[in-house]
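Asker: model this:
(one chain, ligands or ions: 1)
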Amino acid sequence: MTTTTIDAAMLWTPSGWRSDAGFDSDANGRIRMLERAEPTAGGGWIVPGIPNLHSHAFQRAMAGLAERRTLDGPAGAAPRDAHDSFWTWRETMYRMAARFDPDSLHAVAAQLYAEMLEAGYTTVCEFHYLHHAPDGSRYADPAAMSRALIRAARETGIRLTLLPVLYMSGGFDGRALGERQRRFGHGVDDFLALIDTLRGDEDDTLRIGCALHSLRAVPPEAMHAVLAALPRDMPLHIHIAEQVGEVQDCLALRGARPVEWLLGNADVDARWTLVHATHLDGAEVQGIARSGATVAICPTTEANLGDGLFPLRDFLSAGGAFGVGSDSQSSVSPVEELRWLEYGQRLATRHRNIAVDGDSPSVGETLLRGVLASGAAATWQAVGKLEAGHCADWIVLDTDAPQFAGVTAGDAVDRWLFSGNRNLVREVHVGGRRVVAEGRHVDRDAIAARYRETMHALLAPRAGIS
Ligand SMILES: [Zn+2]
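Answerer: Residues are numbered from 1 along each chain as shown. All right, here's what the predicted structure looks like:
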């Protein structure tokens, strides 16, 4: 059996940095043992890879392309009174989504996953709803779009939890999908068949889970039918309470706020990841924390879309589990997600150092510990810890960078997260395989060249699609 022995200068563990630890990884990409070892300066400062709990890969292609006002506003209103919103952004997103086929999805996802790896994400939860051809007809292989994502993940080396999304209706009132939503749609039976097919492709670096797009897109009877039919050994993700309008519609049509309704109508437990959960009342904060579910917060996307601010302080006080996601890919950096998770709270409260708990006064350490602790449940893979039996997924920090001059165990994580925009990730390993060296993905140039070609084709004007 091939083993690689890593003797870290410093190794991050749930209780902090250790200078006396190293580990072996086996031929299956798992940690064989964590052992005592002498500190080796050359071994670097090693952190488990960061799980990315929420991604829509195709949206990488539209990052930066929805930052212009699209509305004229109400008749007679001054331009400054017009408001773009999540809902107007969604129209731009639908236009881009309509242009994808399996090959372009593969090229864009590979570029995105290489960027994620360079930034320190080693696992991605792909919330995948671009299932069919643009007119809603099935591809010859109904799983073709899912397989494009799997191919991109295998090619780049990122660990993937693929979450095919059930998307059935265009609103809480059960209306049919709009024209641009048709390629997202499934009935309960063909959705379950897709999951069943994809489970046949699972291996050491691929897990299949299930996502419900949102309460507005999945009628209650369908949700119950899917949850009853699914195997128990998979994660469940759902977009929830991202928009005030969604909360109002849910109250009007289901008589409860979205999270309140979900907690009352599904057996929400640690298998669940609630994506965004931005708009919560106090009882919902307590309810999620009690359930053991993880909240996937996507601070840069939530800021970009003008969603609102997650009640982080109350949620941490309640003992809630959280992770982060790159979601719309307006940023592909766990550092930026974590920094803005904290900064949003500071701006709102006019206080500093909000995300701290009893284990450490360090904001960086509290945030890092949080996103690593929730990783295994949310991704359904043994990630987030460098311990025997866990995935050998790790990052080596670039401690030669000026940002780390004079670094100590007490300030290393805070320096990583709060010292600017230079990427401080030097190496990344997934399943024991090195995929990033000297800050660059090993296939960066070839993947980027194909991505450029694909983008030119995606952005070219074409008949029938505006
Ligand atoms: Zn999303």
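Asker: output stretch 95-107 as PDB - backbone C-alpha positions only.
Answerer: What follows is stretch 95-107 as a C-alpha-only set of coordinates in PDB (Å, rounded to 0.1, in the frame of the first residue of the first chain):
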ATOM      1  CA  ARG A  95     -31.100  34.000 -19.700                       C
ATOM      2  CA  MET A  96     -27.600  32.600 -19.000                       C
ATOM      3  CA  ALA A  97     -28.900  29.300 -17.900                       C
ATOM      4  CA  ALA A  98     -30.700  28.800 -21.200                       C
ATOM      5  CA  ARG A  99     -27.400  28.800 -23.100                       C
ATOM      6  CA  PHE A 100     -25.800  25.800 -21.400                       C
ATOM      7  CA  ASP A 101     -25.400  22.200 -22.600                       C
ATOM      8  CA  PRO A 102     -23.400  19.400 -21.000                       C
ATOM      9  CA  ASP A 103     -20.100  20.400 -22.700                       C
ATOM     10  CA  SER A 104     -20.300  24.100 -21.700                       C
ATOM     11  CA  LEU A 105     -21.400  23.100 -18.200                       C
ATOM     12  CA  HIS A 106     -18.400  20.800 -18.000                       C
ATOM     13  CA  ALA A 107     -15.900  23.500 -19.100                       C
END
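Asker: that one: which residues count as buried?
Answerer: Of the residues in stretch 95-107, Met96, Ala97, Ala98, Arg99, Phe100, Pro102, Ser104, Leu105, His106, Ala107 count as buried by neighbour count, 16 or more other CB atoms under 10 Å. For every residue, glycine as well, the C-beta is placed using N, CA and C.
Asker: which ones are touching the last one?
Answerer: Spelled out, that is Ala107. Applying CB atoms under 8 Å, 6 or more residues apart in numbering, one finds that Ala107 lies in contact with Ala152, Arg450, Tyr451, Glu453, Thr454.
Asker: check the fifth one too.
Answerer: Shown in contact with Phe100 (CB under 8 Å, 6+ apart): Phe58, Ala61, Val108, Leu130, Met145, Leu458.
Asker: what is the neighbour count of the first one?
Answerer: Burial of Phe58 is recorded as 25 neighbouring residues (other CB atoms under 10 Å).
Asker: any idea whether the residue most central in space within the chain is helix, strand or coil?
Answerer: Central residue of the chain (CA atoms, centre = their mean): His54, 2.2 Å from the mean position. Secondary structure assignment for His54 (DSSP: H, G, I helix; E, B strand; the rest coil): strand.
Asker: related to what we said a few turns ago, show me the contacts of Phe100 that map onto helices.
Answerer: Assignment to helices by DSSP state H places the following of the contacts of Phe100 there: Val108, Met145, Leu458.
Asker: so which of those residues comes closest to Pro361?
Answerer: Among these, Val108 lies closest to Pro361 (CB to CB), at 41.3 Å.
Asker: how near is that closest one to Ala61?
Answerer: 5 Å (CB to CB, to the nearest Å).
Asker: what do the two both touch?
Answerer: Phe100, Thr454, Met455, Leu458.
Asker: and these, which two are the farthest apart?
Answerer: For the shared contacts of Val108 and Ala61, the farthest-apart pair by CB to CB is Phe100 and Met455; their separation is 11.7 Å.
Asker: who touches both of these two?
Answerer: Ala61, Val108.
Asker: related to what we said a few turns ago, the residue nearest to the centre of the chain - nearest residue in space that isn't next to it in sequence?
Answerer: Gly325 (2.7 Å; CB to CB, 6 or more residues apart in numbering).
Asker: can you check Gly306 too?
Answerer: Ser85 (6.2 Å).
Asker: the one you found: neighbouring residues, count only.
Answerer: Ser85: 15 neighbours (other CB under 10 Å).
Asker: what's whatever helix or strand Val47 lives in in contact with?
Answerer: Counting by DSSP states H and E, the element that carries Val47 is strand 45-48. Applying CB under 8 Å, 6+ apart, the contact partners of strand 45-48 are 6, 8-12, 17, 120, 122, 368, 372, 375, 383-386, 393-397, 399, 407, 412-413.
Asker: which ones among those residues are found in strands?
Answerer: Among the contacts of strand 45-48, the members found in strands (DSSP state E) are Ile6, Met10, Leu11, Trp12, Trp17, Thr122, Trp394, Ile395, Val396, Leu397.
Asker: compare those residues and tell me which is most surrounded.
Answerer: The residue in the ones in strands among the contacts of strand 45-48 with the most neighbours, by other CB under 10 Å, is Thr122 (31 neighbours).
Asker: quick check: that residue touching Leu386?
Answerer: No - the criterion here is CB atoms under 8 Å, and Thr122 misses it with Leu386 at 11.5 Å.
Asker: how close does Tyr300 get to Leu274?
Answerer: Not Tyr; residue 300 is Thr. Using CB to CB, Thr300 is found at 18 Å from Leu274.
Asker: those two: which has the busier surroundings?
Answerer: Leu274 (27 against 22).
Asker: which of the three states applies to the residue lying closest to Thr379 once chain neighbours are set aside?
Answerer: With CB to CB, 6+ apart as the criterion, Thr379 has its nearest non-adjacent residue at 4.4 Å, and that residue is Thr161. Under three-state DSSP, the three-state class of Thr161 is strand.
Asker: returning to that earlier point: any of the contacts of Ala107 buried? List them.
Answerer: Among the contacts of Ala107, the ones that count as buried by 16+ other CB under 10 Å are Ala152, Arg450, Tyr451, Thr454.
Asker: please identify which of those is nearest to Arg350.
Answerer: Tyr451 (41.7 Å).
Asker: tell me the secondary structure at the closest one.
Answerer: Put simply, Tyr451 is helix when judged by three-state DSSP.
Asker: Tyr113 now?
Answerer: Under three-state DSSP, the three-state class of Tyr113 is helix.
Asker: how far away is it from Gly171?
Answerer: For Tyr113 relative to Gly171 (CB to CB), the value is 33 Å.
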